[in-house]
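Enquirer: Here is a sequence together with a model predicted from it:
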Amino acid sequence: VTNDTTPYLSHSLLDASNYQTMVHDWNATDVEYPKEGTIVSLFEAQVEKAPEAIALVFEGSQLTYRELNERANRLAHHLRDTYTLGPDDLVGLMLDRSLWSVISMLGVLKAGAGYVPIDTEYPEARKSFIIDDTGLKVLIIESQSLFDVIDYNASIFSIDIEFDALPQDEVYTNNPGLSISPTDLCYVIYTSGTTGTPKG
């Protein structure tokens, strides 16, 4: 108002100190991280740092970082030993959101493979197409889906039934110690595709 010829955009509602805080200080969010780091290496570093801290909570159940790591390691050892997984191999995860889904994702990555999430609510034809198209080494499910997967062309691991039978000694609960690269395949997600056929 005092200088009514000054363009509106040249004025600021903030004084210099507030402008510095809000525009520059609060937006200084760059964080250094190891260029060769992976989800697995970053997770394992957190396990070392705070093993008894809560890592995962779902519907009243919870796991510490140590417990989650040990379960993922047991699954990773089983997947490698049984299905000879390697980089760029794929494992299907047809699971609802649960502790099992997180254990499975982490276990697959620790086994050096990638995962393919498959929604349990997908139509049968879509699920079957994704399984065939990816050439999954194994499909991890929960027992409630056992009758839905009988005709699929994939090995099946029902995690809520079979997991407790996996070895629990230290060799299997320790980190697999694989050389996993940031360039290895992590996951494949399918979209509807412009033709109506799912596309990974």
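Expert: Nice, thanks for sending it over. Numbering: from 1, shown residues only.
Enquirer: hmm, who's touching stretch 123-134?
Expert: 90, 92, 94, 116, 118, 122, 139, 148, 151-154, 188, 190, 197-198, 200 (C-beta atoms under 8 Å, 6 or more residues apart in numbering). Every residue, glycine included, has its C-beta placed from N, CA and C.
Enquirer: Please point out which parts of that stretch sit buried.
Expert: Neighbour-count burial for stretch 123-134, counted by 16 or more other C-beta atoms under 10 Å, picks out 126-128, 130-131, 133-134.
Enquirer: likewise stretch 71-81?
Expert: 71-80.
Enquirer: what do you get for stretch 111-119?
Expert: 111-118.
Enquirer: just stretch 163-172 next, same as before
Expert: Buried residues in stretch 163-172 (16+ other C-beta under 10 Å): 163, 166, 172.
Enquirer: Nearest to Val47, out of the residues you listed: which one, please.
Expert: Tyr172 (15.8 Å; C-beta to C-beta).
Enquirer: ok, which pair from the buried residues of stretch 111-119 is furthest apart?
Expert: Gly112 and Ile118 (20.4 Å).
Enquirer: that older thread, Asp30: which of the buried residues of stretch 111-119 is nearest?
Expert: So of those, ranked by how close each gets to Asp30 (C-beta to C-beta), first place is Gly114, at 28.5 Å.
Enquirer: The closest one and Thr134: what is the separation?
Expert: Using C-beta to C-beta, to the nearest Å, we find Gly114 at a distance of 9 Å from Thr134.
Enquirer: same thing with Asp151?
Expert: Using C-beta to C-beta, we find Asp151 at a distance of 17 Å from Thr134.
Enquirer: Just confirm Gln62 contacts Ile54, I think it does.
Expert: Yes - counting by C-beta atoms under 8 Å, Gln62 sits close enough to Ile54 to count as a contact (5.4 Å).
Enquirer: Report the separation between the residue most central in space within the chain and Leu99.
Expert: Centroid-nearest residue in the chain: Met105, 4.7 Å away (criterion: C-alpha atoms, centre = their mean). For Met105, the distance to Leu99 (C-beta to C-beta) stands at 11 Å.
Enquirer: go on, Asn3?
Expert: From Asn3 over to Leu99 (counting by C-beta to C-beta), the distance is 64 Å.
Enquirer: Repeat that for Ser192.
Expert: 29 Å.
Enquirer: So for these two, which residue has more residues nearby?
Expert: Leu99 (20 against 10; other C-beta atoms under 10 Å).
Enquirer: still on that earlier bit, list buried residues within the contacts of stretch 123-134.
Expert: Buried among those (16+ other C-beta under 10 Å): 90, 92, 94, 116, 118, 139, 152, 154, 188, 190, 198.
Enquirer: For the residues you listed, please prepare TSV with the additional fields pLDDT, secondary structure and distance to Pro7.
Expert: Formatted as TSV, the buried ones among the contacts of stretch 123-134 follow (pLDDT from 0 to 100; DSSP: H, G, I helix; E, B strand; the rest coil; distance: C-beta to C-beta, whole Å):
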residue	pLDDT	secondary structure	distance to Pro7
Leu90	96	strand	58
Gly92	96	strand	60
Met94	94	strand	60
Val116	96	strand	55
Ile118	93	coil	57
Leu139	95	strand	63
Tyr152	81	coil	66
Ala154	84	coil	66
Val188	96	coil	52
Tyr190	92	coil	52
Pro198	80	coil	53
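Enquirer: I appreciate the help and will end here.
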